[in-house]
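**Student:** pasted the sequence and its predicted model underneath.
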Amino acid sequence: MHKILFVCHGNICRSPMAEFVMKDLVHQAKMGDQFVIDSAAATSDAVGQGMDPRTKRELTKQGVPFTNHFARQMTKADYQNYDYLICMDEENFMDMNQITGGDPEQKEYKLLHFVDSFQDIDDPWYTNDFDTAFKQIKRGCEGLFAKLTK
């Protein structure tokens, strides 16, 4: 069983996008019983809010199914509950590491690490570029999925 938590600033754009992209990849491979996939925020800014409408539009445009999603903040307990805690940018990484109190088991990564990149996925809430964010997230999720299913 692979347990994955995607993390971004507010859990309304990038991390739920990654959650649903990854769930779709797993579903298409008929491996749903082998994965637990969720997402959370590195901050409390948007806790309780629904997914950004622009994220929903992008997922719909790309043919990725999604369900209702409400932002929650990552907790220290998430470190024990998940095998991979995967964030979108360097700021998320620092916030995530602060919440967990360190990463002794080497579970924390930036998503594009799985495609051999140190690049951040810019927050489309600020850039309004949901298309680029989707492409980067899909590429990262495909890399992660390939690593976990070797």
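**Tutor:** Yep, it's here.

**Student:** could you pull out the buried residues of the helix or strand hosting K135?
**Tutor:** Following DSSP states H and E, one finds K135 within helix 130-148. Neighbour counts over helix 130-148 (16 or more other C-beta atoms under 10 Å) mark 130, 133-134, 136-141, 143-145, 148 as buried. Backbone N, C-alpha and C define where each C-beta goes, glycine included.

**Student:** now G10: closest residue in space, sequence neighbours ignored.
**Tutor:** A46 (3.6 Å; C-beta to C-beta, 6 or more residues apart in numbering).

**Student:** residues touching the nearest residue to Q62 once chain neighbours are set aside, list them.
**Tutor:** Setting aside the residues directly before and after it, Q62 is nearest to F134 in space (C-beta to C-beta, 6+ apart), at 5.9 Å. Applying C-beta atoms under 8 Å, 6 or more residues apart in numbering to F134 gives the contacts M17, V21, E58, L59, Q62.

**Student:** for the helix or strand hosting the third one, output the C-alpha coordinates as CSV.
**Tutor:** Using DSSP H and E, E58 maps to helix 53-61. Below are the C-alpha coordinates for helix 53-61, written out as CSV (Å, rounded to 0.1, in the frame of the first residue of the first chain):
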residue,chain,number,x,y,z
PRO,A,53,-13.2,27.0,-9.5
ARG,A,54,-10.3,27.5,-11.9
THR,A,55,-8.8,24.2,-10.7
LYS,A,56,-12.1,22.5,-11.3
ARG,A,57,-12.2,24.0,-14.8
GLU,A,58,-8.7,22.8,-15.6
LEU,A,59,-9.4,19.3,-14.3
THR,A,60,-12.6,19.2,-16.3
LYS,A,61,-10.9,20.5,-19.4
